[in-house]
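Colleague: any chance you can model this:
(2 chains)
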Amino acid sequence: MYQYDQTDHTLTRERVTEYRDQVSRRLDGNISEDDFRPLRLKNGLYMQLHAYMLRVGIPYGMMSSDQLRMLAYIGRKYDKGYGHFTTRQNLQYNWPTLEDTPDILENLASVEMNAIQTSGNVNRNVTSDPLAGVAPDELEDPRPYAEIIRQFLTLHPEFSWLPRKFKVAITGAEDDRAAINVHDIGLKLLKNEAGETGFRVLVGGGLGRSPFIGKVIREFLPKDDLIRYIQAILRVYNMEGRRDNMFKARIKILVHELGIEKFASLVEEEFQASEEDVLFLGQAEEDRIKAFFAAPDYADLSDDSPEVIEMSSGNEAFAQWLERNVLAHKQAGYSIVNLSLKPLGGVPGDITSDQMDAVAGLADTFSFGQIRATHRQNLVLADVAKKDLPSLWQELVDLNLATPNLDRISDIICCPGMDYCSLATARSIPIAKRLSERFADLDTLLNIGELRLNISGCINACGHHHVGHIGILGVEKNGEEFYQITLGGSSSEDADIGQIIGPAFSSEDIIDAVEKLVGIYISNREDDERFLDTYRRLGKAVFKEALYDAA
Amino acid sequence: MTLLKNGEIVEDTWRNLADDEDISGEESIIVSLDRWQNEPDKFNGRNGALGIRLESHQKPDAIADDVERFDLIALDFPVLPDGRAFSHGRLLRERYGFKGELRAVGKVIQDQLYFMQRCGFDAVELSEGEDVAKSIAALNAFTVAYQPAADDIIPAYKTRHDA
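Modeller: Presented below is the predicted three-dimensional model:
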């Protein structure tokens, strides 16, 4: 993975120094909260319902074991012994004090981490495929480009006061695990007919109050134009994006209001006017960054592992975990292991400091000392030798990180909701917990298969409910929490925004309603159809009728 | 109000002219874009320096062909979150070749100054209450940068490979 050089260290330390001064001015009353707010947000610090929340950036989800140990240490020393992985592959702490935050950032800097631009109206953490570099369906590793973009957008002097937040995602694989269709800029690596590397560029996707699927602005952008083109998009957005209404300030609204053709022509005009080559990084820098992402030193192993075969035949729990949480690796003899942060009745994405330390140790032992965070709020050990799977599984079981539910109904994306968040209108975590308990046995019993269920506690949609196969949105009516269901959404290559199925359910009834939806799917599915496929084949009316008529 | 130019406190010798004020005389005046667009010929042959002030919604392409007529361009930052003038500053310097004083006015606090400088501003009118010494220091808050801008800082991707 990428390692800081002197420049990266200097910039990160200078940022901590600047932030420490900003905090001391705030504590001394020398800066108003109004002026301080955007400054602390650009350093990842929110004011939540009960306390401050600090979000630490994990560039495209990549962590070393030392970094994860530091995250564990910070959780213990400055929080309540845990952290929470987010949908931007970041980690957040729910209970730091303002006074402690400069020290936390200094600790992070010592392991080449920071919280720069994890919040606020700036470019946020560039996210990518959590299986980058190891997935069999990958054309090219997107991480070097993600790192190049990260650097370009970090403390960008022109784009640090954008109309609204800005999110870039990049994938190099056929199967889109980075949700590029629902990002401000989505990038997909591809090759043109001449065999040159470039990007399909999407713009104006996003969730929130007004969800949009991104629109193609360039079918093929040569890779050497990447930074100059991103600058052009951002400059047009910075100058033309709406500043009068924060709910209409995202680039998706600008693209929608202008139309993609008009927006594309503005970007093209700006792109052509910007000086040729001025932002081309150069081959030397591209090579330097790519070298950090070279494949680790794999052993020469066979895909047939007697250890795995033996364990599978006698141990149903292991076999189930193997089938559900372990994925094919491009290197013979290796597997990709998903660590579920969605245990039975747990808070999706939460992890204790003790678990973090243990996972760091497992990464050192089994996976070249690296860990990845996924946008579905789980962790990945990406390079595990197949022969080690039985021992690793045993350790994960002991850590409660082996729940066999990857991409299944209890692998829920969930925002913090009204338990933590000042924007939320309903609780989301208790719904996730109850759903996971309800389906603990049913999932296997009914063989529900892949089903992505996402929960948001308000219309800002941090829980990505719009793109859940089943989405749940918490709303408030007369002081009571209600839950609206959307169906048919997806953030993958078959991306779509889910449709509202009908009137919302009470907190009491929502779990039954989901079970009923699953029942409708089970009785109508053909062959190995997923829930999403059955829904899309039958249409909303069938599900709606069955859901409400029998109620 | 404190005016910093190139990192030093200087006396402001310019006056903002209201649209109904007379332009005769030899003082250094700053006029609005409306005034300039309505009667550009009236400024021909005027003695005294001329500046123009753009609001944050007024894009600099409106004066792209005229930049040599101005000794000063003031760009307004009406509220802290409004960052349009960062782009406008770069365009004036890098695309339209403006060489005179580029001044940030409006809501200007120390935490923006480094970025303003990178976007081509050589003068800033500090907002009321800003600590002047800290503001001057803030111009050097960072000694490295990842990206090129309107200043002469060499971005990391170049310095890393300079022999």
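Colleague: from here on, just use CA atoms for contacts and neighbour counts.
Modeller: Fine.
Colleague: my guess is residue A:439 contacts residue A:409. True?
Modeller: Yes. When contacts are counted by Cα atoms under 8 Å, residue A:439 is listed as touching residue A:409 (7.4 Å).
Colleague: who in the stretch 251-400 of chain A is up against chain B?
Modeller: Within the stretch 251-400 of chain A, the positions near chain B by Cα under 8 Å from any Cα of the partner chain are A:274, A:279, A:281, A:282, A:284, A:285.
Colleague: how many residues are close by the first one?
Modeller: Going back to what we said before, that points to residue A:274. 18 (other Cα atoms under 10 Å in any protein chain shown).
Colleague: same thing with the second one?
Modeller: Burial measure for residue A:279: 21 neighbouring residues, criterion other Cα under 10 Å.
Colleague: go on, the fifth one?
Modeller: Other residues near residue A:284 number 13, with proximity taken as other Cα under 10 Å.
Colleague: what's it sitting at in phi/psi?
Modeller: phi -60, psi -40 (degrees, to the nearest 10).
Colleague: can you name the residues that contact it?
Modeller: residue B:161 (Cα atoms under 8 Å, 6 or more residues apart in numbering or on different chains).
Colleague: now, the residues of the stretch 251-400 of chain A next to chain B that are in helices?
Modeller: The helices, defined by DSSP state H, take in A:284, A:285 from those.
Colleague: okay, among the residues of the stretch 251-400 of chain A next to chain B, which ones form the most distant pair?
Modeller: Greatest spatial distance in these: A:274 and A:284, 22.5 Å, computed using Cα to Cα.
Colleague: what's the span of stretch A:268-287, first residue to last?
Modeller: Criterion Cα to Cα, to the nearest Å; first-to-last residue distance in stretch A:268-287 is 28 Å.
Colleague: which residue ranges form the strands in the stretch 201-350 of chain A?
Modeller: A:215-222, A:326-328, A:334-339, A:350-352 (DSSP state E, counting those that start in this stretch).
Colleague: got a markdown table for those strands, with mean pLDDT too?
Modeller: Formatted as a markdown table, these follow (pLDDT from 0 to 100):
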| stretch | mean pLDDT |
| --- | --- |
| strand A:215-222 | 97 |
| strand A:326-328 | 98 |
| strand A:334-339 | 98 |
| strand A:350-352 | 97 |
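Colleague: winner for burial among those?
Modeller: Highest mean neighbour count of the strands of the stretch 201-350 of chain A: strand A:334-339, a mean of 26 (counted as mean count of other Cα atoms under 10 Å in any protein chain shown).
Colleague: elements contacting that one?
Modeller: With contacts taken as 3 or more Cα pairs under 8 Å, 6 or more residues apart in numbering or on different chains; DSSP states H and E, strand A:334-339 sits against helix A:316-325, strand A:326-328, strand A:379-385.
Colleague: apart from its neighbours in sequence, what residue is nearest residue B:16?
Modeller: residue B:30 (4.7 Å; Cα to Cα, 6 or more residues apart in numbering or on different chains).
Colleague: ok, the one you found to residue B:46 distance?
Modeller: 13 Å.
Colleague: and if you look at residue A:201?
Modeller: With Cα to Cα as the criterion, residue A:201 and residue B:46 are 51 Å apart.
Colleague: got the contact list for residue A:141?
Modeller: A:132, A:133, A:171, A:172.
Colleague: out of the residues you listed, who's near chain B?
Modeller: Within the contacts of residue A:141, nothing lies near chain B by Cα under 8 Å from any Cα.
Colleague: so how do I select the buried members of the residues you listed in PyMOL?
Modeller: Here is the PyMOL selection string for the buried members of the contacts of residue A:141, based on 16 or more other Cα atoms under 10 Å in any protein chain shown:
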select buried, chain A and resi 132+133+171+172
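Colleague: closest to residue A:492 out of the contacts of residue A:141?
Modeller: residue A:171 (11.0 Å).
Colleague: correct me, but that closest one touches residue A:185?
Modeller: No. Contact criterion Cα under 8 Å: residue A:171 and residue A:185 do not qualify, at 11.6 Å.
Colleague: buried set for stretch A:77-90?
Modeller: A:78, A:79, A:81, A:82, A:83, A:84, A:85, A:86, A:87, A:88, A:89, A:90.
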